[in-house]
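Asks: How does the following fold in three dimensions:
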Amino acid sequence: MLGPGARASLPLALVQSGAGEEVTALAIQGAARPSLGWLNVLVFLFFWNAMKFAWMAVLSFPLRLGRALARWFRRQGVASAG
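Replies: Sure, this is the predicted structure:
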């Protein structure tokens, strides 16, 4: 059974990745100005964070499915052995 934190992780990752992309776009617009070139570091950090959450949203379902299948196969093995 999934706990409440695990159930909420996928929607939160999707929202976070979208919000991160918006913040990245704002930082890119700010970094385009000649006097604000130091914002390029923030652009990289915001982009990295948004992509990290997007990949976790993509990979969380197959990882959960694999765990559920492993748990099911373990129970089937225990049931047939007993």
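Asks: Please make it C-alpha for all contacts and neighbour counts, starting now.
Replies: Fine.
Asks: tally of neighbours for A54?
Replies: Neighbours of A54 under the rule other Cα atoms under 10 Å: 20.
Asks: repeat for L26
Replies: 12.
Asks: State the next helix or strand along the chain beyond the host helix or strand of it.
Replies: Per DSSP states H and E: L26 is located in helix 4-31. Counting by DSSP H and E, the element after helix 4-31 in chain order, helix or strand, is helix 39-81.
Asks: What is that following helix packed up against?
Replies: Identification of packing neighbours for helix 39-81 by 3 or more Cα pairs under 8 Å, 6 or more residues apart in numbering; DSSP states H and E yields helix 4-31.
Asks: same question for the helix it packs on, mean pLDDT?
Replies: Average pLDDT, helix 4-31: 74.
Asks: before we move on, what about stretch 58-71?
Replies: Stretch 58-71 shows a mean pLDDT of 85.
Asks: then that stretch to PDB, C-alphas only?
Replies: Included here for stretch 58-71 are C-alpha records, laid out as PDB according to Å, rounded to 0.1, in the frame of the first residue of the first chain:
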ATOM      1  CA  VAL A  58       8.400  10.100 -15.500                       C
ATOM      2  CA  LEU A  59      10.200   7.400 -13.700                       C
ATOM      3  CA  SER A  60       8.100   7.100 -10.500                       C
ATOM      4  CA  PHE A  61       5.300   5.100 -12.200                       C
ATOM      5  CA  PRO A  62       7.600   2.300 -13.600                       C
ATOM      6  CA  LEU A  63       9.500   2.200 -10.300                       C
ATOM      7  CA  ARG A  64       6.300   1.800  -8.300                       C
ATOM      8  CA  LEU A  65       5.000  -0.800 -10.800                       C
ATOM      9  CA  GLY A  66       8.200  -2.800 -10.400                       C
ATOM     10  CA  ARG A  67       8.000  -2.800  -6.600                       C
ATOM     11  CA  ALA A  68       4.300  -3.800  -6.700                       C
ATOM     12  CA  LEU A  69       5.100  -6.700  -9.100                       C
ATOM     13  CA  ALA A  70       8.000  -7.800  -6.900                       C
ATOM     14  CA  ARG A  71       5.800  -7.800  -3.900                       C
END
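Asks: No more questions from me, cheers.
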